[in-house]
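Structure for this input, please:
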Amino acid sequence: MTTWLIWTQRNQVRLHLVAASFHQIPQLAKDRFAEFLACQPTTTNRHVIPRTRWQPPPSDFMKINFDRAAFSSENRSGIGVVIRYSVGLVIASCSQCLPQAYSSDEVKALAATKALSFAAEIGISKAVLEGDLLTIIKALSNDQRSLSSFGPLIDDAKFSLINFYQLRYSHVKRECNFATHSLAKFANNISDFQV
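Residues are numbered from 1 along each chain as shown. Below is the predicted model:
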């Protein structure tokens, strides 16, 4: 502000116009700056939500993440599964294309079933099953039968539990499940199943 006012005062003197004296410039700069601040929109303190990241399982467990993708225009669905050691290294992953567009809950239940059977096939017996749809995680961890439309699919997933010595469940936000979601979307590029 001060530089602009000095420049303006100089030009007014040069053009023989009425100009402020040099000793008035500091007060004029303060006044203009206060006017500028008064015209600015008020800002509110925004609550910054920290980004969540994939969390490793306990050291003697594997983590099995699963997710789904829908391809409605092609009447297909996709499943993605990623299995990791506790240090985060991927030991196995798969994508599967389903030749039908299921509801979100149904395809998530199918993804959980595939994740558990895939983990059992490669010999995992202690794991944390993790997904981003809370209704599926709750249904899987509940001992009672689910009466929902995807209840029979949950029962199929629970049948795979006999292959595990110890299995825990974890619900995460979608951004922690990015790798499996990418694999589920990749399923649209394959005909059936790919490890």
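
helices or strands up against the helix or strand that contains S93?
Assessed by DSSP states H and E, S93 sits inside strand 90-98. Judged by 3 or more CB pairs under 8 Å, 6 or more residues apart in numbering; DSSP states H and E, the packing partners of strand 90-98 are strand 76-84, helix 104-121, helix 178-186, strand 193-194. C-beta coordinates here come from the backbone N, C-alpha and C atoms, glycine included.

Adding mean neighbour count, write the ones you listed out as TSV.
Shown next, in TSV, are the helices and strands packed on strand 90-98 (neighbours: other CB atoms under 10 Å):
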stretch	mean neighbour count
strand 76-84	24
helix 104-121	23
helix 178-186	20
strand 193-194	14
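
And for the closest residue to A119 other than its chain neighbours, the neighbour number?
Among residues not flanking A119 along the chain, I64 sits closest, at 5.0 Å (CB to CB, 6 or more residues apart in numbering). Applying other CB atoms under 10 Å, we find 26 residues neighbouring I64.

again, but for P58
For P58, using other CB under 10 Å, the count is 12.

again with the one 5 residues further on
Neighbourhood size, K63 [other CB under 10 Å]: 23.

for the nearest residue to it once chain neighbours are set aside, what are its contacts?
Nearest residue to K63, sequence neighbours excluded (CB to CB, 6+ apart): P57, at 4.3 Å. Taking CB atoms under 8 Å, 6 or more residues apart in numbering as the criterion, P57 is in contact with K63, R84, S86, A127, V128, R168.

Report the secondary structure state of the first one.
Same thing as K63. Of the three states, K63 takes strand under DSSP: H, G, I helix; E, B strand; the rest coil.

Would you mind naming the residues that bridge with it?
Legend: beta-bridge partners of K63 under DSSP bridges are R84, V128.

From what I see, it and K126 are in contact.
No. In this structure K63 lies outside contact range of K126 using CB atoms under 8 Å: 10.6 Å.

thinking again about what came up before, is it possible to get CSV of the contacts of P57 that adds distance to Q96?
Compiled in CSV, the contacts of P57 are given as follows (distance: CB to CB, whole Å):
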residue, distance to Q96
K63, 19
R84, 19
S86, 25
A127, 19
V128, 21
R168, 24
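
Having no further points to raise, I will conclude here.
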